[in-house]
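Chemist: Quick one: sequence and predicted model below, then my questions.
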Amino acid sequence: MNLRATSNGQQATKANILEIFRSIQGEGKYAGIQQIFVRFFECNMHCVWCDTPHSIGDTTRRYDEYDEDQLIQKIVELNNDCHSVSITGGEPLLQAEFIKAFIPRIKEQNLLTYLETNGVLPNELGKVVQDIDIIAMDMKLPSSTECRPYWDEHEEFLRVAKGKELFIKTVISSVTEKEEVLKAARMAAAADPNMLFILQPNFFDMKNGVVEKCEAFQKDSRKFLKDVRIIPQMHKMLKVR
Ligand code: SF4
């Protein structure tokens, strides 16, 4: 986030945004709804199968700076009876200060706020959680992401989010380990046994037996959780963004 002085001496904030567009939500519990997607630039992780490498600064460092007025103007232009604004990335919570200040502008438009996050920045979540309506939280399994484990961060994130509408999504690839899926399911159940827990087959592994793997993990996870579903990335099937 960039800070700059305005003519009246107050500070205005700007956010680094990669893209803003309207589309169909393709993942998780709300798949199928119309949303305005605000994709914040940059991420603190580096998942091996990341499908938005342009958003994490891998392939390009290009982004646009928006202040609150510019961003809400764009959202109003795009809104066509949308359900919500998806605050996504990259990792949007890296710009939590801007998001916190901006959320009231979204609410003024009678749109819900839908946060898509990697679930590893609990302190940053604490800055915005009060005004977020729906949290779509990833649980990052090290055997899938090829990143370090984030179990402590995920646990704390769930604690900070307690009482909010939240569902968990975890990407299953051909090399995902069963023990990690079970650990994630146990952690979700400890937070809320009624938690929706979604196994999302890695799109690039569809021909490598990943659906069968998801079915086995679904059965295993149901020992801890009532609601475990296998939901692929539908926007890729619909060939939309
Ligand atoms: S957390 Fe999300 S945006 Fe960041 S590297 Fe992983 S998949 Fe990509």
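Modeler: In hand now; what should we look at? Worth saying up front: this structure is predicted, and the values here are computed from it rather than measured.
Chemist: longest strand in the chain, by residue count?
Modeler: As assigned by DSSP state E, the longest strand anywhere in the chain is strand 11-24.
Chemist: which parts of that strand are buried?
Modeler: Residues of strand 11-24 classed as buried: 13-20, 22-23 (neighbour count, 16 or more other Cβ atoms under 10 Å). Just so you know, the C-beta spots here come from the backbone N, C-alpha and C atoms, and that holds for glycine as well.
Chemist: Tabulate these (TSV), appending distance to the ligand.
Modeler: Output for the buried residues of strand 11-24, formatted as TSV (distance: Cβ to the nearest ligand atom, whole Å):
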residue	distance to the ligand
Thr13	22
Lys14	21
Ala15	16
Asn16	14
Ile17	14
Leu18	10
Glu19	13
Ile20	17
Arg22	20
Ser23	17
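Chemist: circling back: CA atoms only: put the longest strand of the chain into CSV for me.
Modeler: The C-alpha trace of strand 11-24 is given here as CSV (Å, rounded to 0.1, in the frame of the first residue of the first chain):
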residue,chain,number,x,y,z
GLN,A,11,-3.3,11.0,3.8
ALA,A,12,-5.0,9.0,1.0
THR,A,13,-4.2,5.4,0.4
LYS,A,14,-3.7,3.6,-2.8
ALA,A,15,-3.8,-0.2,-3.5
ASN,A,16,-1.8,-2.2,-6.0
ILE,A,17,-4.3,-3.9,-8.1
LEU,A,18,-3.7,-6.4,-10.9
GLU,A,19,-7.2,-6.5,-12.5
ILE,A,20,-10.9,-5.8,-11.8
PHE,A,21,-13.6,-7.7,-13.7
ARG,A,22,-17.0,-9.2,-13.4
SER,A,23,-17.4,-13.0,-13.8
ILE,A,24,-18.8,-16.2,-12.4
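Chemist: now the angle from the very next helix or strand once past it to strand 11-24?
Modeler: For strand 11-24, the following helix or strand on the C-terminal side (DSSP states H and E) is strand 34-40. Strand 34-40 runs at 140 degrees relative to strand 11-24, counting by axes from the mean of the first three to the mean of the last three Cα atoms, to 10 degrees.
Chemist: what about strand 34-40 and the ligand, touching?
Modeler: No: remark: strand 34-40 sits outside contact range of the ligand, by Cβ under 6 Å from any ligand atom, the gap being at least 9.3 Å.
Chemist: Residues in contact with that strand: which ones?
Modeler: 15-25, 52, 55, 71, 75, 78-92, 94-95, 111, 114, 241 (Cβ atoms under 8 Å, 6 or more residues apart in numbering).
Chemist: What's the ChimeraX syntax to select whichever of these are buried?
Modeler: The buried residues among the contacts of strand 34-40 can be selected in ChimeraX (16+ other Cβ under 10 Å) with this line:
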select :15,16,17,18,19,20,22,23,25,52,55,71,75,78,82,83,84,85,86,87,88,89,90,91,92,94,95,111,114
